[in-house]
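[1] build the 3D model from these lines:
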Amino acid sequence: MPVNEEEERYFAELDAEKRAGLRKKMAKEAADLEEKRKIAAATGGDVEVADRIKALGFDGDSARIFDLMPLVHVAWADGKIQRGERAKLLELLESRGIEKGSEAFTTMESMLEQRPDDAFMRETLAALRDVVGAKDGGAQSIVDLCIEVAASSGGLLGLGIGSTVGDEEKQKIGEIAAMLGDSAAAEVKKQFS
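    Down below sits the predicted model:
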């Protein structure tokens, strides 16, 4: 075989390998982008924030509970989860069509069994602030849910649910509102003053 034919074959094989590698890389990038789009759709954020949300462990089905993270913070505000708070959070999951045993449901249950650390709490709130930043009333609706969860802290007492909001919970709700924005913080001050 003449040298130029060997060279041509070598470069043809090299070119085919490069094309295959490029196709593989493009397929991976497309799959990554699709996953980010799914996270963005589930959390109401955008593709840029989706990276941060995924890095916090909220990918796949668990992205559907990301906006409920402030409620986990409030439920743990006094260092323990009350039955009413737990029941309220799990009720919220079910009202969203999140079934028992699903990834999202078990993720929430594990956070109600063991308190996430402070750094994780701060990171989730910072990412959530970016998610709700562009939404009118988004921050306020989260704060309303925080107050609702805190109001169930008395636990399931016979016929009803307790309606007390403790000082630790008020402080935590205030911190969350401050993280989410001025209008939410102002609303919380009105409700608790």
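[2] and the residue nearest the centre of this protein?
    Nearest to the mean C-alpha position of the chain, counting by Cα atoms, centre = their mean, stands F66 at 1.9 Å.
[3] I'd say it and F58 touch.
    Yes. In terms of Cβ atoms under 8 Å, F66 counts as a neighbour of F58; the distance is 4.6 Å. For every residue, glycine as well, the C-beta is placed using N, CA and C.
[4] name the helices or strands packed onto the helix or strand V131 falls within?
    Taking DSSP states H and E as the criterion, V131 maps to helix 118-132. Packing partners of helix 118-132 (3 or more Cβ pairs under 8 Å, 6 or more residues apart in numbering; DSSP states H and E): helix 47-55, helix 69-75, helix 138-151, helix 167-180.
[5] please convert those helices to JSON lines, extending it with mean neighbour count, distance to D15 and mean pLDDT.
    Shown next, in JSON lines, are those (neighbours: other Cβ atoms under 10 Å; distance: least, Cβ to Cβ, whole Å; pLDDT from 0 to 100):
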{"stretch": "helix 47-55", "mean neighbour count": "17", "distance to D15": "33", "mean pLDDT": "81"}
{"stretch": "helix 69-75", "mean neighbour count": "25", "distance to D15": "49", "mean pLDDT": "91"}
{"stretch": "helix 138-151", "mean neighbour count": "21", "distance to D15": "51", "mean pLDDT": "86"}
{"stretch": "helix 167-180", "mean neighbour count": "19", "distance to D15": "53", "mean pLDDT": "87"}
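[6] got any ranges where the chain has weak pLDDT?
    1-3, 44-45, 133-137, 154-163 (pLDDT under 70).
[7] buried residues, the helix holding V131. List them.
    121, 123-125, 127-129, 131-132 (16 or more other Cβ atoms under 10 Å).
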